[in-house]
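Engineer: how does the following fold in three dimensions:
(one chain, ligands or ions: 1)
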Amino acid sequence: MNVEKHVEALREQIRYHNYRYYVLDDPQIPDAEYDRLLRELQELEEEHPELITPASPTQRVGDKPLDGFAEVHHEIPMLSLDNAFDDEELAEFDRRVRERLEIDVVEYAAEPKLDGLAISLLYENGILRRGATRGDGSSGEDVTQNVRTIQSIPLHLIGTDFPERLEVRGEVIMPHEGFRLLNERQVAEGNKPFVNPRNAAAGSLRQLDPKVTAQRPLEMFCYGVGLVENGELPDRHSAILERLRDWGLRVYRGIATVRGLNGCIDYYKRMQQARDALPFDIDGVVFKVDRIDQQQALGFVARAPRWAIARKFPAQEELTTVLDIDVQVGRTGALTPVARLEPVFVGGVTVTNATLHNEDEIRRKDVHIGDTVIVRRAGDVIPEVVSVVKERRPKDARPFVMPSRCPVCGSDIERMEGEAVARCTGGLFCEAQRKEAIKHFASRRAMDIEGLGDKLVEQLVDEGLVNDVADLYHLDIETLYGLERMGIKSTENLVAALEASKQTTLERFLFALGIREVGEVTARALARTFGASSAKGLSDHDRAQADIDRLAKATQEELEAIPDIGPVVAGHIAHFFGQAHNRDVIKKLLDAGVTWPLQEAAAAQPLQGKTYVLTGTLEKLKRNDAKARLQALGAKVASSVSAKTSAVIAGKKPGSKLAKAKRLNVPVLSEKEFIKLLEQEEQKI
Ligand code: 5U1
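Structural biologist: Numbers count the residues shown, from 1 in each chain. Here you go, the predicted structure:
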């Protein structure tokens, strides 16, 4: 094959794999193979620069920053959408459509309404020529250089049956995870974080330097067409979207066609439920009359079509005022400033408090008592203050001052260097910490004491009936019956739940103790190491005590040898068991009958907490077998290399992962070394 043909064949393959990855969400080849194709193309283009075309997949990022954005006139205006804020308004819309079309039932295409930035893409003969913002609907800004950097936007459509000129419209968004990482980077580099993913997406697309945009995790979903010249499109909106997908454009998977108002309401409910699990923000759903001839018959009013409507979700952000700022003390003594708010309906509930996280966050957001703020409540996430509307700050607004003593127990407050969190030093002397420790102990993933809710814990501590977690096991019917909301049935149930919780597992027990930074994963690793010491001839009680004693005596070094445990966590564990009162409480718990079964160590997983990445071809092992053996040893197998990767296993013809591993100083194992590791670790189980 001559070079030109080879270059074109490579581009076609890359285009196809982009399509599999971004549009179908179903990659056909591993990342390493894709990287190899791209590298091969890059090398050929370096050798033959005359073959480079703007639509080549290597040419996404232009090298010259712009002085400004040129204006783009939209030949077909980019309309906006009318909104329906409740089912009645939606019913009104459906009634108007039916009356105008003189039909009984309308078929609608139903789509999520993505919360991003509307963009128009112009393709000429299948090649991306121009990307533009919506602007005021009749003219926007030319952001071609920037949209070209978005991987889910094809530079070249797939196939041949597309119109000669085709304008595709859709939304550019930033997914949550990318937004979180971007903001972490912004803060680390001393820049202001973005308020929400939409602002981040808009800010990223309006960068004059495309290299900056290329670093931003933007994605595009298409929802319609504008200009169409010399080419046929299907006669239904839903089929047009299918066609766009065939040409390599990304269209949201969950688009449906529904019948009539009831179909619309069902779809709305489904998307509302799905909303919190989606990886990006949506602020409603859009219903469009599906038949294009019916759309044409309906036409437009002012700036919106008569054939479409956005049914909006309840807002997740609202304005309200900060009445005061209190400080809450958590289980580990962490002090969290909480804004007491003028009640506001947001995200479907009335919100009266919002977390301000810590002192630095208050400074960064510059929140004063009396300020008007934007409050956000998304899904089940704790409401938070997003930002302050500075223009509305009243003259008598007061800055927040962090107390120098714990507001609950009066102990000193300390803030370690490099930590954002201030802590009460009172430990279990502090009533707030005690209450939180008991709530955590009883919680579902810890000792799972059903019926011991937060309110009851507070009552038990307030009335002096429970001082530490071990006191819970001395509660009886006489003590509990008659407390607030404790009738005979709930009392009996709670006593039974307390009894049942005594049979637990070592990992639950260790998690329940609430040792700082010992979450479930660390607790499991500790249980695997220290569970079921030498059990011969010991009673359940003594064996449990022996497990604890072994853990309590573990040196910092022994602890750090456990996967997932570093010096800081090892220090917290040693500190916890170094405190006599903690050892006393554990003894009281075991004396009360808390115990766990013996078999825990049987399932030891020596590579727990480790992550491996496989690259290249293994000669002796099948890749799936290698993966399964690693997983059986407790290791994770990841598809990309990061600084946290424990090692990269490099077979023959390794891909770019090997280079990345070297760059990040991640250990690299040959197949031989890898097999040795497997055999060595498998002997341990
Ligand atoms: N999903 C979707 N979002 N969205 C926004 N479809 C859609 N259509 C729009 C807009 C502004 O406008 C057309 C109906 C004109």
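
Engineer: could I get the pLDDT score of the one residue in the stretch 351-500 of the chain that gets nearest to the ligand?
Structural biologist: Distance from the ligand to each residue of the stretch 351-500 of the chain (Cβ to the nearest ligand atom) is smallest for residue 378, at 19.6 Å. For the C-beta atoms, the positions are set from N, CA and C on the backbone; glycine is no exception. What the model reports as pLDDT for residue 378 is 74.

Engineer: show me the shaky parts of the stretch 351-500 of the chain.
Structural biologist: Applying pLDDT under 70 to the predicted model, the residue ranges of the stretch 351-500 of the chain that meet it are 379-380.

Engineer: before we move on, the earlier item: and the nearest residue to the residue of the stretch 351-500 of the chain closest to the ligand once chain neighbours are set aside, how many neighbours?
Structural biologist: Once flanking residues are discounted, residue 378 sits nearest to residue 316: 4.8 Å by Cβ to Cβ, 6 or more residues apart in numbering. Applying other Cβ atoms under 10 Å, we find 21 other residues in the vicinity of residue 316.

Engineer: if I look at residue 316, how far off is residue 322?
Structural biologist: Noted for residue 316: a distance of 19 Å to residue 322, by Cβ to Cβ, to the nearest Å.

Engineer: picking that back up, helix/strand/coil for the residue of the stretch 351-500 of the chain closest to the ligand?
Structural biologist: Here residue 378 is coil, with the state taken from DSSP: H, G, I helix; E, B strand; the rest coil.

Engineer: you'd agree it is up against residue 276?
Structural biologist: Yes: counting by Cβ atoms under 8 Å, residue 378 sits close enough to residue 276 to count as a contact (7.1 Å).

Engineer: looking at the two, which one has more neighbours?
Structural biologist: For residue 378 versus residue 276, the count of surrounding residues by other Cβ under 10 Å is larger for residue 378: 17 against 11.

Engineer: excluding chain neighbours, what is closest to the residue most central in space within the chain?
Structural biologist: Taking Cα atoms, centre = their mean, the centroid of the chain lies closest to residue 177, which sits 4.8 Å from it. If you skip the residues right next to it in sequence, residue 177 has residue 279 as its closest partner in space, 6.6 Å away by Cβ to Cβ, 6+ apart.

Engineer: that neighbour: what's it in contact with?
Structural biologist: By Cβ atoms under 8 Å, 6 or more residues apart in numbering, the contact list for residue 279 reads 175-177.

Engineer: kindly report the same for residue 263.
Structural biologist: Residue 263 sits next to 108, 110 when contact means Cβ under 8 Å, 6+ apart.

Engineer: one step back: the residue nearest to the centre of the chain and residue 355, how far apart?
Structural biologist: With distances defined as Cβ to Cβ, the gap from residue 177 to residue 355 amounts to 21 Å.

Engineer: interface residues of this structure facing the ligand?
Structural biologist: Taking Cβ under 6 Å from any ligand atom as the criterion, the neighbours of the ligand within the chain are 79-81, 111, 113, 118, 223-224, 286, 288, 305, 308.

Engineer: my guess is residue 225 contacts residue 240. True?
Structural biologist: Yes: the pair residue 225 and residue 240 qualifies as a contact (Cβ under 8 Å) at a distance of 6.3 Å.

Engineer: now do the shared contacts for those two.
Structural biologist: Common neighbours of residue 225 and residue 240 (criterion: Cβ under 8 Å, 6+ apart): residue 233.

Engineer: quick one, strands of the stretch 451-600 of the chain?
Structural biologist: Read by DSSP state E, counting those that start in this stretch, the stretch 451-600 of the chain holds no strands at all.

Engineer: residue ranges with poor pLDDT in the chain?
Structural biologist: Of all residues in the chain, those with pLDDT under 70 make up the ranges 1, 379-380, 533-536, 599-604, 685.

Engineer: domain parsing for it?
Structural biologist: Following automatic domain parsing, the chain resolves into domains at 3-51, 82-312, 321-399, 449-501, 506-591, 611-682.

Engineer: the longest one: how far from the chain's middle?
Structural biologist: The gap between where domain 82-312 is centred and where its chain is centred comes out at 22 Å by Cα atoms, centre = their mean, to the nearest Å.

Engineer: again with the first one
Structural biologist: Taking Cα atoms, centre = their mean, one finds the center of domain 3-51 at 30 Å from the center of the full chain.

Engineer: what's the span of it from first residue to last?
Structural biologist: End-to-end distance for domain 3-51: 9 Å, by Cα to Cα, to the nearest Å.

Engineer: which residues sit against stretch 433-446?
Structural biologist: Stretch 433-446 is contacted by residues 329-333, 424, 426-428, 447-449, 452, 454, 457-458, 460-461, 466-469, 472, 508, 511-514, 520 when judged by Cβ under 8 Å, 6+ apart.

Engineer: can you flag the buried ones in these?
Structural biologist: Neighbour counting by 16 or more other Cβ atoms under 10 Å classes 329-333, 424, 426-428, 447, 449, 452, 457-458, 460-461, 466, 468-469, 472, 508, 511-514 among the contacts of stretch 433-446 as buried.

Engineer: neighbours around residue 595, how many?
Structural biologist: For residue 595, the number of neighbouring residues by other Cβ under 10 Å comes to 21.

Engineer: who does it form a beta bridge with?
Structural biologist: Residue 595 forms beta bridges with residue 503, as assigned by DSSP bridges.

Engineer: contacting residues around it?
Structural biologist: Contacts were defined as Cβ under 8 Å, 6+ apart; by that measure residue 595 touches 502-504, 540-541, 544.

Engineer: between the residues you listed, which has the most around it?
Structural biologist: residue 544 (26 neighbours).

Engineer: excluding covalently adjacent residues, which one is nearest to that residue?
Structural biologist: Spatial nearest neighbour of residue 544, excluding adjacent residues (Cβ to Cβ, 6+ apart): residue 595 at 4.9 Å.
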